[in-house]
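# sequence and computational prediction follow.
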Amino acid sequence: MDYLQDLNPQQRLAVTTAHGPLLVVAGAGSGKTRVLTSRIAHLIRAHGVPPHRIVAVTFTNKAAQEMRERLQALIGPGAAQVVMGTFHALCVRILRAEAAYAGVGRDFQIFDDTEQLAVVREVCKELNLDPKRIQPKALLSAISRAKDELVEPEDYPAGGDFWEQIVAKVYAKYQEKLRRANALDFDDLIMAAVRTFREHPEVRRKYQERFEHILVDEYQDTNRAQYALVRLLAERTGNICVVGDEDQSIYAFRGADIRNILEFERDFPGAQVIKLEENYRSTQNILGAANSVIKNNTERKVKRLWTQRPAGEKVAFFQGGSEWEEARFVAQAIRELRDKEGWAFRDVAILYRTHALSRVLEEEFMRSGIPYRIIAGVRFYERKEIRDLLAYLRLIHNPDNDMSFLRIVNTPRRGIGETTLSRLAAYAQEFGLSLFAALSYLDGVDGLGSRARQALRNFRDLVEGWRQSLGRRSLSELVTAVLKESGYLAELQAQGDEEARARVENLDEFLSLARQFENGETAADLAVLLEYVALISDVDAYDAEADAVNMMTVHASKGLEFPVVFIVGLEEGIFPHARSAWEDGQLEEERRLMYVAMTRAQDRLLLTCARQRTLYGATRPNAVSSFVQEIDPQYLEEKGVSSLDLRSYVPAESPKPGDSQRTFRVGDKVEHKIWGRGMIVSVSDSGGDLLLAIAFPDQGIKRVLAHLAPITKV
């Protein structure tokens, strides 16, 4: 029982309460991952539960991987037998195994956000809906909300107002297109699993018997569909343990229902409730400040985090005259934290309510030579070249995937234009075929010229050749063949500029990823790779080792922690968001968001705002956020302008056209404040300024804006 030794009394109670429904209210930084993994180990060691009879559900792959690694350290190889992963990954596993009952093909594909939006746009076009008046993204959000509530297309209220009537029509056609493509979107994964359990009692019993114990992490973030899934699984044994914190419920906009955790005891009669209130992450001053904010919420279970850590530095608060002063304070404070206290850039996180606040900070960091990276910005798998390659692979895996077909049929250019594709699409729709299947009947498609017909045949033969080679090539060999034989790689190499070279490097990186999935069976490996890419999230790609300041929205920071945290833009109308003033329950959601942001900090917490800010094209004065005013003064220390040399600071003016062009040219040698001496290898226009690509011997090629970068000509 060595895994029990380092647990505090409440943690130990949560671990050893083995049977029946259990709610573990786990405050921020209270060791919930340790409790979950120790509980699984206890079920296996002390109660003899076979590992494969336990399922643990998380919200990110990163959390699942961390849990599995910890569990393996506790019980050894048996950890691999525990079913552990995200809700979506669990449902994919069930649906592939029970495809016949679920009404899907076993090799179904998972459409990502871009593909879903493309399908909605196609439906709008067919229904003659003006995308300027009826936005496809709004339609997709409405469909997603319906699926979160387990509302099928045939049950959607078509007799409602004009908007509901439109959504009902689009939803029905959207689902039909997914069905024809043998594809599911993310929301379908859970809804289809719940539907299968409800409609087929024998399947439900199979998994109820299989999963004797169910554990759910971050239960406060579950929606109705996820709640229905775990409740169905737990019906037979009642052995369900959920861990969460209603004070950290910040995903209502994604359909999360805080009532799931607040009403757990009603939904599962006889449930025990255990509170974890000892925090191992933050100093007492940070916790005191966070507690004094969150206590103003009414939708919560009473608890108060405490810690054995020292009081630490007080929470710092700075109000600048403008967003430029605010950014200057942040940059100089980071310098002082690094130079005087020894923190690395990677130890620092900048959190904001919306990405729009990052621009001025980015410009100041470039001017100051502070390395930074934006988390949840353009992800690796969202880059054009990676999406293009994935579309090729998805079409090879599933030739009925019309979205992938349309993305790459003329990428690179093959002389297949919009007119040709519209005629092909009309033929395919008339005969109920996918676009790729219609390529086998080109002689029947009216209006195709001989060149277009031949180009389509060549494309069909190319894809068919790759499909037929699935049993003979490894996954990396297939990827290499696609890049070369499609002409995609050659087109990039022919461009020869820095951007094209960067794209080639990204494709090389994808090739490295492909090799990790090779087991000698290309078709199976390809399916696993595509599923992995579809399920990965922003936080999963977070690299804690890169030495750069981390910038992200508060939502993206959930589950992370940093020694030093800045929360910027703390003004009424920004944080809390303006809509919180009139939307019911929104202010409490915003306050929970503030609480999450504050409790990311381990040692230092700094809060900033500006008296006047230009945002979204308008300049206006802003009051200090009410959340700052809710902090007990005993935990707060104000920082004045005089504490930093800001008096002479004036933001750089935009360069006059041509100024930088006369100053910097390809071949010029320059000195950078941080990276040393380098040579300019390319110069391009960037919104009135010049974007310089500079080669540094020890740093590689860096891209900077001419008027912002701390560089001088040598």
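All right, it came through fine. Numbers count the residues shown, from 1 in each chain.
# pLDDT score for residue 378?
With respect to pLDDT, residue 378 has a value of 48.
# again, but for residue 188
On pLDDT, residue 188 comes in at 95.
# so it is in which element?
helix 186-199 (DSSP states H and E).
# and the gap between residue 171 and residue 141?
Distance, residue 171 to residue 141, by CB to CB, to the nearest Å: 12 Å. C-beta: built from backbone N, CA, C; applies to glycine.
# so which elements touch the helix holding residue 188?
Packing partners of helix 186-199 (3 or more CB pairs under 8 Å, 6 or more residues apart in numbering; DSSP states H and E): helix 87-97, helix 99-102, helix 136-148, helix 201-210, helix 224-234.
# what's in contact with that helix?
Applying CB atoms under 8 Å, 6 or more residues apart in numbering, the contact partners of helix 186-199 are 87-88, 90-92, 94-95, 98, 101-104, 110, 112, 143-144, 147-148, 150, 152, 178, 184, 203-204, 207, 225-226, 228-229, 232-233.
# same thing with stretch 152-170?
By CB under 8 Å, 6+ apart, stretch 152-170 touches 120, 123-124, 127, 129, 134, 139, 142-143, 146, 171-172, 174-175, 191, 195.
# just to be sure, residue 494 is in a helix?
Yes - counting by DSSP: H, G, I helix; E, B strand; the rest coil, residue 494 is part of a helix.
# where does pLDDT dip in this protein?
Where the chain drops to pLDDT under 70, the residues are 1, 376-380, 496-498, 520, 536-545, 616-617, 641-662, 685-689, 707-708.
# that older thread, indicate which one of the helices and strands packed on helix 186-199 is closest to residue 449.
Residue 449 lies closest, by CB to CB, to one member of these: helix 136-148, at 31.8 Å.
# from the chain's centre, how far out does the closest one sit?
Put simply, helix 136-148 sits 18 Å off its chain's centre (CA atoms, centre = their mean, to the nearest Å).
# just the CA atoms of the following helix or strand past that helix, as CSV, please.
Sequence order places helix 162-180 as the next helix or strand after helix 136-148, per DSSP H and E. Output of helix 162-180 as CSV, limited to C-alpha atoms (Å, rounded to 0.1, in the frame of the first residue of the first chain):
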residue,chain,number,x,y,z
PHE,A,162,-37.2,31.3,-38.9
TRP,A,163,-33.7,30.5,-37.5
GLU,A,164,-34.8,27.1,-36.1
GLN,A,165,-36.4,26.2,-39.4
ILE,A,166,-33.2,27.0,-41.2
VAL,A,167,-31.1,25.0,-38.7
ALA,A,168,-33.4,22.0,-39.0
LYS,A,169,-33.0,21.9,-42.8
VAL,A,170,-29.3,22.4,-42.7
TYR,A,171,-28.9,19.8,-39.9
ALA,A,172,-30.8,17.1,-41.8
LYS,A,173,-28.8,17.6,-45.0
TYR,A,174,-25.5,18.0,-43.1
GLN,A,175,-26.0,14.6,-41.4
GLU,A,176,-27.0,13.0,-44.7
LYS,A,177,-23.7,14.2,-46.2
LEU,A,178,-21.7,12.8,-43.3
ARG,A,179,-23.5,9.5,-43.6
ARG,A,180,-22.8,9.2,-47.3
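# check the offset of helix 162-180 from the chain's centre.
26 Å.
# now swap in stretch 629-641 and tell me
Worked out by CA atoms, centre = their mean, stretch 629-641 lies 33 Å from the chain centre.
# return the set of buried residues in it.
The neighbour-count check on stretch 629-641 (16 or more other CB atoms under 10 Å) flags 631, 635, 636, 639, 641 as buried.
# now residue 13. Nearest residue, chain neighbours left out?
With sequence-adjacent residues excluded and distances taken as CB to CB, 6 or more residues apart in numbering, residue 13 is closest to residue 274, at 5.5 Å.
# whoops, I mixed them up, residue 177
Per CB to CB, 6+ apart, closest to residue 177 is residue 119, 5.2 Å.
# then whichever helix or strand that neighbour is part of to CSV, C-alphas only?
Per DSSP H and E: residue 119 is located in helix 113-126. This file holds the C-alpha atoms of helix 113-126, laid out as CSV (Å, rounded to 0.1, in the frame of the first residue of the first chain):
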residue,chain,number,x,y,z
ASP,A,113,-13.7,21.7,-37.7
THR,A,114,-12.6,22.7,-41.2
GLU,A,115,-14.2,19.7,-42.8
GLN,A,116,-17.5,20.2,-40.9
LEU,A,117,-17.6,23.9,-41.9
ALA,A,118,-17.0,22.9,-45.6
VAL,A,119,-19.9,20.5,-45.4
VAL,A,120,-22.2,23.2,-43.9
ARG,A,121,-21.1,25.7,-46.7
GLU,A,122,-21.9,23.1,-49.3
VAL,A,123,-25.4,22.5,-47.8
CYS,A,124,-26.0,26.3,-47.7
LYS,A,125,-25.1,26.5,-51.4
GLU,A,126,-27.6,23.7,-52.2
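# if we can go back for a sec, mind listing what's buried in the helix holding residue 188?
Quick answer for helix 186-199 (16+ other CB under 10 Å): 186, 187, 188, 189, 190, 191, 192, 193, 194, 195, 196, 197.
# and stretch 13-21, by the same measure?
For stretch 13-21, by 16+ other CB under 10 Å, it's 13, 14, 15, 16, 21.
# what strand or helix carries the first one?
What it means is residue 13. Applying DSSP H and E, one finds residue 13 within helix 9-16.
# and the contacts of that helix?
Counting by CB under 8 Å, 6+ apart, 3-4, 7, 22, 24, 31, 34-35, 38-39, 42, 46, 241, 274-278 sit against helix 9-16.
# skip ahead from it and say which helix or strand is next.
Following helix 9-16 in sequence, per DSSP H and E, is strand 22-26.
# can you name every helix or strand that that next one contacts?
helix 32-45, strand 240-244, strand 272-276.
# send the alpha carbons of the longest one over as CSV?
What follows is the C-alpha trace of helix 32-45 in CSV, where atoms were taken according to Å, rounded to 0.1, in the frame of the first residue of the first chain:
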residue,chain,number,x,y,z
LYS,A,32,-6.6,15.2,-8.2
THR,A,33,-4.4,13.3,-10.8
ARG,A,34,-2.6,11.5,-7.9
VAL,A,35,-5.9,10.6,-6.4
LEU,A,36,-7.3,9.2,-9.6
THR,A,37,-4.2,7.1,-10.4
SER,A,38,-3.8,5.9,-6.8
ARG,A,39,-7.5,5.0,-6.7
ILE,A,40,-7.1,2.8,-9.8
ALA,A,41,-4.0,1.2,-8.3
HIS,A,42,-6.0,0.5,-5.1
LEU,A,43,-8.9,-1.1,-7.0
ILE,A,44,-6.5,-3.4,-8.7
ARG,A,45,-4.2,-4.3,-5.8
